[in-house]
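Asker: Compute the structure for the input listed below.
(2 chains)
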Amino acid sequence: MHTVWVRLNAVVFFGLTVLLVSSVLAALSKIGHASAHRPIVHKLDISNLKSLKNHGGVDRALLSFDLHADMTPAFHWNIKQLFVYVVATYKTPTNPKNQIVLWDRIIEATDPLNKKILDEKNVFVKYGLVDQGAELRGTEVELSLMWDHMPLTGVLDMDGQEAGTGSTFSLPEEYQ
Amino acid sequence: MDYQGQKLSETLFYIIIVLFGAVGWVYGYVLQDFAYVFYSWGAGVAISVALCVPDWPIFNRHPVKWLECVPDRDGVSEAEGEAKKTK
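Answerer: Okay, the predicted model is just below:
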């Protein structure tokens, strides 16, 4: 503490330590928030199947869906952003469980309220529903919404609609 | 900065930074927005740098009292001896 540099170093690094402790305390203060405040998925249904074709040996379905979900309950002071995505789950003879991401979006904590409530019709998929093989014809597909809580301080936490609670639709028996 | 000044400076910035951090944290918790914690903390550090880093007069009120010169074997202190030599 005998020179300006020593004192400057002491002040700055003590400051950073206090900031670190504040961040950790903020994270701890929100343990249990995610399970008590879940986003509400009002609607996630297919609106139109555009095509089901086979390309290069793999099946691909293109579709659009309606989405209405209120993500606001998931936000708190230790959330930086939510990574929200729509997943198609189905079963085939080759693979007992397939999960394909069809669409995703990042919602930041600083975004306005209207961006935190997803309410869109006829959203076309960002990524096609592509199978590993050629087994999409006649398969039943469940659509569910999933989200990652990305904190300011702490571990990423994945959550989503319960398996089996999403809406389902069947793909046609023939390519179209 | 004398020793007591150093102690005062250190105590001051400990209190300032923790206080600004704590008040900011409570305010941020109530409003559920960490930005308040960050800005309050930033203000605390800035104030502490301005108040505690420069060598202000308040930190120099108790200067170290050095002892009187000790005379060497000839019975003449070194300072006196040096002064006599240059004359």
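Asker: okay, B:Trp69: pLDDT?
Answerer: Not quite, residue B:69 is Cys, not Trp. If you check B:Cys69, the pLDDT there is 87.
Asker: Tell me how far it lies from B:Pro63.
Answerer: Per C-beta to C-beta, to the nearest Å, B:Cys69 is found 18 Å from B:Pro63. All C-beta spots, glycine's among them, are computed from the backbone N, C-alpha and C.
Asker: now swap in A:Met146 and tell me
Answerer: Relative to B:Pro63, A:Met146 is positioned 68 Å away (C-beta to C-beta).
Asker: Could you do A:His76 as well?
Answerer: 53 Å.
Asker: How about B:Asp2?
Answerer: Relative to B:Pro63, B:Asp2 is positioned 5 Å away (C-beta to C-beta).
Asker: same thing with A:Phe13?
Answerer: Distance from A:Phe13 to B:Pro63, counting by C-beta to C-beta: 28 Å.
Asker: Could you do A:Gly56 as well?
Answerer: Distance of A:Gly56 to B:Pro63, computed by C-beta to C-beta: 85 Å.
Asker: who's more crowded, these two?
Answerer: B:Pro63 (11 against 5; other C-beta atoms under 10 Å in any protein chain shown).
Asker: So which bits of chain A are right by chain B?
Answerer: A:1-2, A:4, A:7-8, A:10-12, A:14-15, A:18-19, A:21-23, A:25-26, A:29, A:76-78, A:152 (C-beta under 8 Å from any C-beta of the partner chain).
Asker: Those in helices, which ones?
Answerer: Secondary structure from DSSP state H places A:4, A:7-8, A:10-12, A:14-15, A:18-19, A:21-23, A:25-26 of the residues of chain A next to chain B in helices.
Asker: So which of these wins on neighbours?
Answerer: Busiest of these [other C-beta under 10 Å] is A:Val11, holding 26 neighbours.
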